[in-house]
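Undergrad: just to be clear, the model below is a prediction. Sequence and coordinates:
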Amino acid sequence: MTIDWRRIGIKKLAALISEKLRTKGIDTVLVGGACVSIYTKNRYQSFDLDFVTHATIKEVASVLSEIGFLRESSRHFTRHDCPLFVEFVAPPIAVGKEPIKAQTELKTRLGLIVLLTPTDCVKDRLAAYYHWNDPQALDQALMVAGAQKVRLYEIKKWSENEGHTEKYREFAKRLKRKKG
Amino acid sequence: MLEGVFGNITVEKILFTLYVYGEGYPLGMARTFGDSVNRFQQQLKRLEDAGIVASRLIGRVRVYTFNPRYPFLGELKTLIEKAFEFLPEKEKGAYYSKRTRPRRTGKPL
């Protein structure tokens, strides 16, 4: 199979990398903006793929080099002709203080992607909004919550535990307006 | 004190600095402790890679804080707080009691 690395989409690349690593016994979970891209069908375009793995970066680097992705800095990988870059963030997989147990499995022609559930993806974006006041992260949370089925009650409870009830209200208000 | 846990004394200095002041930058820490900037930069990078600290650029200075999204932050801060209590007063006075309130531009010292 020939891959057009210059035009490859985020979902394809995520599948390719996840599958390549899985064949070598390395499990990954896709987190961050790439999940937003996938859940919103690219209404939000992310240019980086953040994976969490418990494997060492050395092990990951050796596998990714087989498909031309080379270690750029301590945790980043790039391929000379691919506009997307890949990062392996430190475990554990968590949103705020809460560990993530459930994940979504997405089967594609290029392989299986294990990623955050839509509800955890919204929490992940909201965490950035709550802690860093990042308005883009709030927009992304709204996009995912608008495009996917999410458990709002769970998000509300989690927000309260994180100590951000007020900001959750802002999110809920804007989501209600968005859904009309 | 925490050197044994974190592997080196520089990390201990960084964690105490962030605990006391809320934020810090490599050159500032290096000046405070009379150490090399490179040593602090290396350890801050390591802590950032592990998700323990986060950084942002303010002008040309990279300022570090604890990463509020680090899942064990509460527990880590409890440990640092406890260790800080055991720090000799002399050290606290020398390194962890700098003025942080604002000083109006142009005001003589």
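TA: Okay, I see it. Residues are numbered from 1 along each chain as shown, chains lettered A, B, ... in the order given.

Undergrad: in a helix, residue B:100, correct?
TA: No. Per DSSP: H, G, I helix; E, B strand; the rest coil, residue B:100 lies outside any helix segment and is coil.

Undergrad: how much space is there between the closest residue to it other than its chain neighbours and residue A:34?
TA: With sequence-adjacent residues excluded and distances taken as CB to CB, 6 or more residues apart in numbering or on different chains, residue B:100 is closest to residue B:21, at 6.1 Å. Where C-beta positions appear, they are placed from N, C-alpha and C, glycine not excepted. According to CB to CB, to the nearest Å, residue B:21 and residue A:34 sit 35 Å apart.

Undergrad: what does residue A:113 give?
TA: Residue A:113 is 9 Å from residue A:34, by CB to CB.

Undergrad: so residue A:88 touches residue A:60, yeah?
TA: Yes. Contact status for residue A:88 versus residue A:60: in contact at 5.7 Å, counting by CB atoms under 8 Å.

Undergrad: name the residues contacting each of these two.
TA: Here residue A:88 and residue A:60 have A:53, A:77 as joint contacts, going by CB atoms under 8 Å, 6 or more residues apart in numbering or on different chains.

Undergrad: any idea how far residue A:7 lies from residue A:157?
TA: Counting by CB to CB, the gap from residue A:7 to residue A:157 is 41 Å.

Undergrad: which of these two has more neighbours?
TA: In this view residue A:7 and residue A:157 are compared by other CB atoms under 10 Å in any protein chain shown, and residue A:157 has more residues nearby, 13 against 9.

Undergrad: please see if the helix or strand where that one lies touches chain B.
TA: Secondary structure from DSSP states H and E places residue A:157 in helix A:152-162. No. Remark: helix A:152-162 sits outside contact range of chain B, by CB under 8 Å from any CB of the partner chain, the gap being at least 9.2 Å.

Undergrad: that helix: which residues count as buried?
TA: Across helix A:152-162, burial judged by 16 or more other CB atoms under 10 Å in any protein chain shown covers A:155, A:158-159, A:162.

Undergrad: and what of stretch A:16-24?
TA: Within stretch A:16-24, the residues scored as buried using 16+ other CB under 10 Å are A:16-18, A:20-21.

Undergrad: just how off-centre is that stretch within its chain?
TA: Stretch A:16-24 sits 17 Å away from the centroid of its parent chain (CA atoms, centre = their mean, to the nearest Å).
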